[in-house]
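> Okay, sequence plus prediction incoming.
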Amino acid sequence: MSLNSIFQYFVPKDKKFFPLFEQAGANLIEMAKLLQETVYSTDLTKRAELNKKLEDLEHKGDNITHQIHLELGKNFITPFDREDIHALASSLDDVADFIHGASNRMELYKVHTPSQPMKEITDLIVEATEHVAKAINELKDLKNIRNITDSCVRINSVENKADYIFDKAVAELFEYEKDAITLIKNKEVLSAMEDATDKCEDVANVLESILVKNA
Amino acid sequence: MSLNSIFQYFVPKDKKFFPLFEQAGANLIEMAKLLQETVYSTDLTKRAELNKKLEDLEHKGDNITHQIHLELGKNFITPFDREDIHALASSLDDVADFIHGASNRMELYKVHTPSQPMKEITDLIVEATEHVAKAINELKDLKNIRNITDSCVRINSVENKADYIFDKAVAELFEYEKDAITLIKNKEVLSAMEDATDKCEDVANVLESILVKNA
Amino acid sequence: MSLNSIFQYFVPKDKKFFPLFEQAGANLIEMAKLLQETVYSTDLTKRAELNKKLEDLEHKGDNITHQIHLELGKNFITPFDREDIHALASSLDDVADFIHGASNRMELYKVHTPSQPMKEITDLIVEATEHVAKAINELKDLKNIRNITDSCVRINSVENKADYIFDKAVAELFEYEKDAITLIKNKEVLSAMEDATDKCEDVANVLESILVKNA
């Protein structure tokens, strides 16, 4: 008996949770792409508008999480353990928080010229959210558990890259930035970005934990 | 069959864990109110005494957590899953750590004049701990699951407010505080305060997870 | 019926997971001792080499985690809940990350003269990893659950000490270090070290959670 057949046995066809998780995943990609537009833009008015849009999408994500909770309250049969549905929804929420957080810090701290490492980590956030969304969509189909594991491995690898860029960027700030307050501002923005990829890794951990429980 | 009746079915009358959780909740409110006294006081001797009291109450909280663990070792039947009792106790402990942490940083870093946003976030900590204690007490009675959910929603909303005040306060520090070291000190104190409300949100998450598991 | 006999009933003789956890524990001790060598050394070339070795051991730890995951995929019977095996492996991984992180920050930020508190916290990291490894080995034998609990209590106590040293060290930085950027660098290194002991406490929490679930 393969892993797949066993897993499918435990997963009834679900029409309530998976569409919501899919929306949450798509929302994260959209947010990551707006952040990407922000860091590559030099138009301050446009960047303020993008930050406002990110705030709206964060609220949209909150609403999706809320609907998942409502469904949990209404349904006795769930495609996997109730607490795992809760954990997955929470971890997706955290990613949204930090993507908006990164943009918001740039806006609040008036970091008007995003640095090269900020652009690079943001590119990685886009990549990570795409893998997150892919893994979540596979969770629905379950044609191939291996695909979910693969996405998780890729998310981990993207997080490692972001970590490396973050470390190097902070080291360079310490080396070349002589104004302490400018240094802190830049470090805080980089840190929110790096946290966004960390939170994608947390999603991967929840997914892996769901797989090992049901395998 | 309503949610309530099912939930009650799983929760035997418990005389061991709920009284301890209630004590932990009451302890958090007391700590939050001492922190509030601290940030509104200008008397440095009194503030040092309040910080000492907070340390004592943090230890009192540690003892309650320890007693919950002892009860887990002695009892085979628990009102809800053993690991959730453990998680709830840990999350309450974390709130206590950060409330004392905020006071302790003010003392250690000699932040003698708490700022307006520090007062505002502390007011929100008091509010959050009151909702936490209320939710925990409802967990005992279980007359109405909706009340617990309501408290969780309120905790989330308080945390959002604290987040907003924190972000604005840090932005203002970056705008007006020209001394980097003073800036960092103030940011660290604000950050411990904001973390205290984050940890209240974690308690709410554990409570929600308990509800969804048992609903 | 004692706790032990019940617990043993649930734990079949396992030859797959425990040897891997044992390796992970031993790897942490080795990493902690390399960090200790680093903070007590004044030879910059040697310190760069030690940092490289720590990076290698972090990857070794990643491989052990990966093998634990592979075993989870292959085995239907596990010595304790699948998700707890996953959580324990993840928490051990986090300790390794921060031990290497502390060394890496010293290297990247060019903190060439580790301070007295850095040495003291590192000594505590060595102590904490020894307790972690001991607890994990006891998990295998299960002759005495009390020993695991004792190790967890000791880990908590070590973490408290590290916390205290960290707080005092940062207070002293604020008091005597007039260069903000030097202050931040030192604070960041201390913070990674203190986080390493925090992550040992997280391991203790996972272990306690496993005990309460199976007791």
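Happy to help now that I have it.
> Need the residue closest to the centroid of chain A.
Nearest to the geometric centre of chain A sits A:V95, at 3.7 Å (CA atoms, centre = their mean).
> Test my guess that that residue contacts A:A196.
Yes: using CB atoms under 8 Å, A:V95 is in contact with A:A196, at 6.1 Å. Where you see a C-beta, it was placed from the backbone N, CA and C, and this is true even at glycine.
> circling back to that earlier point, for the residue nearest to the centre of chain A, give me its contacts.
A:28, A:129, A:132, A:196, A:199-200, A:203 (CB atoms under 8 Å, 6 or more residues apart in numbering or on different chains).
> mind redoing it with 10 Å?
Taking CB atoms under 10 Å, 6 or more residues apart in numbering or on different chains, we find A:V95 in contact with A:24-25, A:27-28, A:31-32, A:61, A:125, A:128-129, A:132, A:195-203.
> and the gap between it and A:E138?
18 Å (CB to CB, to the nearest Å).
> The residue lying closest to the residue nearest to the centre of chain A once chain neighbours are set aside: what's it in contact with?
Excluding the flanking residues, the one nearest A:V95 by CB to CB, 6 or more residues apart in numbering or on different chains is A:K199, at 4.4 Å. By CB under 10 Å, 6+ apart, the contact set of A:K199 is A:28, A:91-99, A:125, A:128, A:132, A:159.
> try 6 Å
A:94-95, A:98 (CB atoms under 6 Å, 6 or more residues apart in numbering or on different chains).
> Retrieve the pLDDT associated with it.
A:K199 carries a pLDDT value of 97.
> Kindly report the same for the one 10 residues further on.
In the prediction, the pLDDT value recorded for A:S209 is 84.
> thought it was touching C:H86?
Yes: here A:S209 reaches C:H86: they are 5.0 Å apart, a contact under CB atoms under 6 Å.
> Report the contact partners of the nearest residue to A:Q67 once chain neighbours are set aside.
For A:Q67, ignoring the flanking residues on the chain, the nearest one in space by CB to CB, 6+ apart is A:L20 at 5.6 Å. If you count contacts by CB under 6 Å, 6+ apart, A:L20 has them with A:64, A:67-68.
> And A:I29, which helix or strand is it part of?
Using DSSP states H and E, A:I29 maps to helix A:17-39.
> State the mean pLDDT of that helix.
Mean predicted lDDT for helix A:17-39 stands at 97.
> next one: stretch A:154-170
Mean predicted confidence for stretch A:154-170 is 95.
> And stretch A:102-115, by the same measure?
96.
> One more: stretch A:61-72?
Stretch A:61-72 comes out at a mean pLDDT of 90.
> Touching that stretch from outside, list them.
Against stretch A:61-72 from outside (CB under 6 Å, 6+ apart): A:16, A:20, A:23-24, A:27, A:82, A:89, A:93, A:96, B:212.
> Recalculate using a threshold of 8 Å.
A:16-17, A:20-21, A:23-24, A:27-28, A:31, A:78, A:82, A:85-86, A:89-90, A:92-93, A:96, B:208, B:212, B:215.
> Figure out how far it is from the centre of its chain.
17 Å (CA atoms, centre = their mean, to the nearest Å).
> what comes up buried for that stretch?
Under the neighbour-count criterion of 16 or more other CB atoms under 10 Å in any protein chain shown, stretch A:61-72 has A:61, A:64-65, A:67-69, A:71-72 buried.
> Just the ones of those residues in helices?
A:61, A:64-65, A:67-69, A:71-72 (DSSP state H).
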